[in-house]
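Peer 1: got a sequence here, can you build the structure:
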Amino acid sequence: MKVVLLGPGADVTELTKIHASAFSEPWGAAALSDLLGAPGTFAGQLEGGFILVRAAAGEAEILTIAVRSEQRRHGAGTTLVRFAAEHARKMGAIRPHGVFMGGSASLKSVGAGLITLLGRVNSKMH
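Peer 2: Next up, the predicted model:
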């Protein structure tokens, strides 16, 4: 699976469709474009999936990851996370972090840049 790096000004039409297929409250094209245009933010896209990441202050934050249902369980998500971890490292990020629906969590690097959830921090957003 080949992942394509996307940055500011990229066409987010396909990302919008993928996000809509994966979430009941998807982000629209304007939101995805605005995020992708923010400093330190990049996306990795492959057929049927994408990951959106912000790298800043030595951390990499996964903003969203979405994979179409028919592409799941075939390594697309793993490939996207590996790509994002590698690219974020090139940007100087050394610690992954994620905020998930229902709360935020600390993440730990595992192996080739994969991440594992250490535990939920707080199930309420402040």
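Peer 1: CA only for contacts and neighbour counts going forward, please
Peer 2: OK.
Peer 1: ok but E14 is inside a helix, no?
Peer 2: Yes. The assignment for E14 is a helix, going by DSSP: H, G, I helix; E, B strand; the rest coil.
Peer 1: any idea how far it is from A29?
Peer 2: 9 Å (C-alpha to C-alpha, to the nearest Å).
Peer 1: which stretches of this structure have low pLDDT?
Peer 2: Flagging of the chain using pLDDT under 70 yields the residue ranges 95-126.
Peer 1: which parts of it are helices?
Peer 2: Counting by DSSP state H, the chain has helices at residues 13-22, 29-36, 76-90.
Peer 1: now the longest one: buried residues?
Peer 2: Put plainly, it is helix 76-90. A76, G77, T79, L80, V81, R82, F83, A84, A85, H87, A88, R89 (16 or more other C-alpha atoms under 10 Å).
Peer 1: just the shortest one next, same as before
Peer 2: Neighbour counts using 16+ other C-alpha under 10 Å place A29, L32, S33, L35, L36 of helix 29-36 among the buried residues.
Peer 1: pick the one among these closest to G7.
Peer 2: L36 (6.0 Å; C-alpha to C-alpha).
Peer 1: from what I see, the closest one and I51 are in contact.
Peer 2: No. Applying C-alpha atoms under 8 Å as the test, L36 and I51 come out as separate, 10.9 Å apart.
Peer 1: right, and the helices of the chain - which one's nearest A55?
Peer 2: Once these are compared by C-alpha to C-alpha, helix 76-90 is nearest, at 5.9 Å.
Peer 1: how far does the closest one sit from its chain's centre?
Peer 2: Helix 76-90 has its C-alpha centroid displaced from the chain centroid by 9 Å (C-alpha atoms, centre = their mean, to the nearest Å).
Peer 1: fine, thanks again, bye for now.
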